[in-house]
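# kindly return the folded structure for what I paste below:
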Amino acid sequence: MRWLRRFFVVGLFVGLLVGGWQFAGQNQQAVEIDYLAGTLPGVPLWKVPLIAGVLGVVVVFFPMTLSLMRSRLEGRRYRKAIRLLEKELAGLRPEEGDDAEETEES
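Residues are numbered from 1 along each chain as shown. As a prediction, this is how the structure comes out:
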């Protein structure tokens, strides 16, 4: 099963590589990109979706990373609190030998 998954991932990678190469070969014409801060003249058409995809990944990656880091720190804080509470609970519980002495005194 592991080799099948690896074969699938390698096949997907090679397929995307070949498809991207064909897309780049068919879309060599230069275009002008207008954006808020200015203009980029003479950018090959195949680079436009590549740039948009990379910028999309960057825009999503950083906020998600910050959120993930915050969640991990919160989890660490909760695990520490649980350890302290379990230690306190263990200190409050009577030991097994203490139960026998209490029943004899009664």
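# every contact and neighbour count from this point should use C-alpha atoms.
OK.
# which helix runs longest in this protein?
When every helix of the chain is counted residue by residue (DSSP state H), the longest turns out to be helix 47-92.
# could you verify that residue 42 is part of a strand?
Yes - under DSSP: H, G, I helix; E, B strand; the rest coil, residue 42 falls within a strand.
# excluding residues flanking it in the chain, which one is nearest it?
If the residues on either side of it in the chain are set aside, residue 42 comes closest to residue 30, at 4.8 Å by CA to CA, 6 or more residues apart in numbering.
# got a list of what that neighbour touches?
41-45 (CA atoms under 8 Å, 6 or more residues apart in numbering).
# about what we covered before: for the record, mean pLDDT for the longest helix of the chain?
Across helix 47-92, the average pLDDT comes to 93.
# can you count the residues close to residue 24?
Neighbour count for residue 24, taken as other CA atoms under 10 Å: 15.
# now it: which helix or strand?
Assigned by DSSP states H and E, residue 24 belongs to helix 2-26.
# residue 32 too?
Element membership of residue 32 [criterion: DSSP H and E] is strand 30-35.
# output that strand in CSV with nothing but the alpha carbons.
Extracted in CSV, the C-alpha atoms of strand 30-35 (Å, rounded to 0.1, in the frame of the first residue of the first chain):
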residue,chain,number,x,y,z
ALA,A,30,4.2,38.9,-23.1
VAL,A,31,1.5,40.7,-21.2
GLU,A,32,1.3,43.8,-19.0
ILE,A,33,0.2,43.4,-15.4
ASP,A,34,-1.5,46.4,-13.8
TYR,A,35,-1.7,46.3,-10.0
